[in-house]
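1. coordinates only, sequence not included:
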Ligand code: ADP
């Protein structure tokens, strides 16, 4: 099945055209800093090795998707004759609120519910909804699927998802922990079970999605029972530019002292904090590791703090599981940084998570799922490579094929 994956963010658009049989990527597109003067859409065609750039000046996210569709129509891969050959569209949706516990085909009812979740992810859901709307107009007969970041975590018990705030905030505003990176946590847990030749249903797994954003999940018997991200993706771990959990009183303190607006405070917490805020170097872990190596003390502290919050979070999730069989590392940092894995697990051997330093370092193994703990480590440490767009495409294929058969 040929699936167009649409992953729309507040100022980004990631998209891939994927042939799910054979897991082949036919087209890959990325637009960042949408809204800025120099925004551009970069489209690559793996088949012929072509790469093109399209200016996006003054366009909204869904208008950028329109530019992409024109680009696809101009340069169709050999397996397609027109845009009508796109058999399904898979949309990544950040928040599915309490409505969705799994991915869904977008019919009128589902779309209505998805739109009702806009207040829960005001930066991300509206552009994604606008993309769904556009595709409904342009390709009305092509089925669309929504894959939610939050759905996997809907199995959390109330004691994990409620906040100790007056009850009316949950009743009236649905303020609760929703979590994020759900498809990644689910996939990482399943891949770890496959790697270890065990059944996911009988395992306790702590999944660590460590990219520019990051979250951990406690996956017990295949379902999420707790996660570090909360009502929004700001809670939990220290991240590239996000503070993660801090004393909430700091927020009101800074706002009062500096007389700043809600929007400014929001920006400080989301865009100026975390690794960037502490290191003063940037949010990219590679740059910060390199600076620390050269003796930059702020960079070194940022890495120490990052490592420390992950160690604490692993400990916290370990405490709420009835058993822990494996810890899985995935996403940009989790997959690629042997140094960060070394630092994190050097403090966790006493919990039974014992890294094999040689296996951890094997460069040639990058890109493949692997076990990096010593053979008799009581808790196995796995590295799983994630490909969000491919997962969305396969999930879309499964739902649409199921609907056709059923
Ligand atoms: P997202 O999809 O959330 O933007 P990714 O999962 O691609 O993020 O992760 C991006 C992060 O991974 C960046 O901080 C980047 O520096 C880091 N990263 C990628 N490769 C390496 C590496 N070899 N060593 C350390 N960090 C890495």
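-> Good, I have the coordinates. Predicted, not measured: the structure shown is a model, and the values here were computed from it. Numbering: from 1, shown residues only.

2. Now residue 92: phi and psi?
-> phi -90, psi 120 (degrees, to the nearest 10).

3. show me the contacts for it.
-> By C-beta atoms under 8 Å, 6 or more residues apart in numbering, the contact set of residue 92 is 5-8, 128, 147, 149, 388, 392. Quick note: C-beta positions are derived from backbone N, CA and C, even for glycine.

4. Look over those and name the one with the lowest pLDDT score.
-> When the contacts of residue 92 are sorted by pLDDT, the bottom entry is residue 388 at 87.

5. wait, isn't that residue in contact with residue 183?
-> Yes. Shown here, residue 388 and residue 183 form a contact pair, counting by C-beta atoms under 8 Å, at 6.8 Å.

6. How about the residue in the stretch 151-300 of the chain that the ligand sits nearest to: what's its closest non-neighbour residue?
-> With C-beta to the nearest ligand atom, the shortest gap between the stretch 151-300 of the chain and the ligand falls at residue 211, namely 2.5 Å. Closest residue in space to residue 211, ignoring its immediate chain neighbours: residue 331 at 3.6 Å, by C-beta to C-beta, 6 or more residues apart in numbering.

7. Need phi/psi at that neighbour.
-> Main-chain torsions, residue 331, degrees, to the nearest 10: phi 70, psi 170.

8. Looking at it now. What's its pLDDT?
-> Here the pLDDT value assigned to residue 331 is 92.

9. how would you label residue 145: helix, strand or coil?
-> Local secondary structure at residue 145 is given as strand here, using DSSP: H, G, I helix; E, B strand; the rest coil.

10. nearest residue to it other than its sequence neighbours?
-> With C-beta to C-beta, 6+ apart as the criterion, residue 145 has its nearest non-adjacent residue at 4.2 Å, and that residue is residue 396.

11. And for the one you found, the neighbour number?
-> Residues lying near residue 396 (other C-beta atoms under 10 Å) number 28.

12. try residue 48
-> 10.

13. Distance of it relative to residue 78?
-> Note on residue 48: its distance to residue 78, by C-beta to C-beta, to the nearest Å, is 9 Å.

14. need the contact list for the residue of the chain found nearest the ligand.
-> Closest residue of the chain to the ligand, C-beta to the nearest ligand atom: residue 332 (1.9 Å). Applying C-beta under 8 Å, 6+ apart, we find residue 332 in contact with 210-212, 285.

15. Kindly check the end-to-end length of stretch 41-51 for me.
-> Start-to-end span of stretch 41-51 (C-alpha to C-alpha, to the nearest Å) is 10 Å.

16. what comes into contact with it?
-> Contact with stretch 41-51 is made by 13, 25-31, 52-54, 56, 64, 67-68, 71, 75, 77-78, as judged by C-beta under 8 Å, 6+ apart.

17. and the residues you listed, which of them are in helices?
-> Among those, the ones falling in helices (DSSP state H) are 64, 67-68, 71.

18. Ranking by neighbours, what's the top pick from these?
-> For these, the largest number of neighbours (other C-beta under 10 Å) sits with residue 64, at 25 neighbours.

19. What number of residues are in the vicinity of the residue lying closest to residue 3 once chain neighbours are set aside?
-> Of all residues not flanking residue 3 in the chain, residue 393 sits nearest, at 4.2 Å (C-beta to C-beta, 6+ apart). By the criterion of other C-beta under 10 Å, residue 393 has 28 neighbours.

20. How about the residues of the stretch 101-250 of the chain by the ligand?
-> With C-beta under 6 Å from any ligand atom as the criterion, the stretch 101-250 of the chain comes near the ligand at residues 211-213, 240.

21. one more time with 8 Å
-> 209-213, 240 (C-beta under 8 Å from any ligand atom).

22. Check the stretch 251-400 of the chain too.
-> Counting by C-beta under 8 Å from any ligand atom, the stretch 251-400 of the chain sits next to the ligand at 275, 283-289, 331-340, 386, 388.

23. Of these, just the buried ones, PyMOL syntax please.
-> Those of those that count as buried under 16 or more other C-beta atoms under 10 Å are selected in PyMOL with:
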select buried, resi 275+283+284+285+288+289+331+332+333+334+335+336+337+338+339+340+386+388
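
24. What about the residues of the stretch 251-400 of the chain next to the ligand, which are in helices?
-> Reading helices off these with DSSP H, I get 275, 285-289, 331-336, 338-340, 388.

25. Residue 137 and residue 62, how far apart?
-> In this view, residue 137 and residue 62 are 10 Å apart by C-beta to C-beta.

26. actually residue 45, not the one I typed
-> Counting by C-beta to C-beta, the gap between residue 45 and residue 62 amounts to 23 Å.

27. Then residue 202?
-> Note on residue 202: its distance to residue 62, by C-beta to C-beta, is 44 Å.

28. neighbour-wise, which of these two wins?
-> Neighbours of residue 202 and residue 62, each counted by other C-beta under 10 Å, are more numerous for residue 62; the result is 20 against 11.

29. Which residue, other than its chain neighbours, is closest to the more buried one?
-> residue 130 (3.8 Å).

30. what's around that neighbour, how many residues?
-> 16.

31. and the strand or helix carrying it, which residues are buried?
-> Element membership for residue 130 (DSSP states H and E) is helix 125-138. Within helix 125-138, the residues scored as buried using 16+ other C-beta under 10 Å are 125-132, 134-135.
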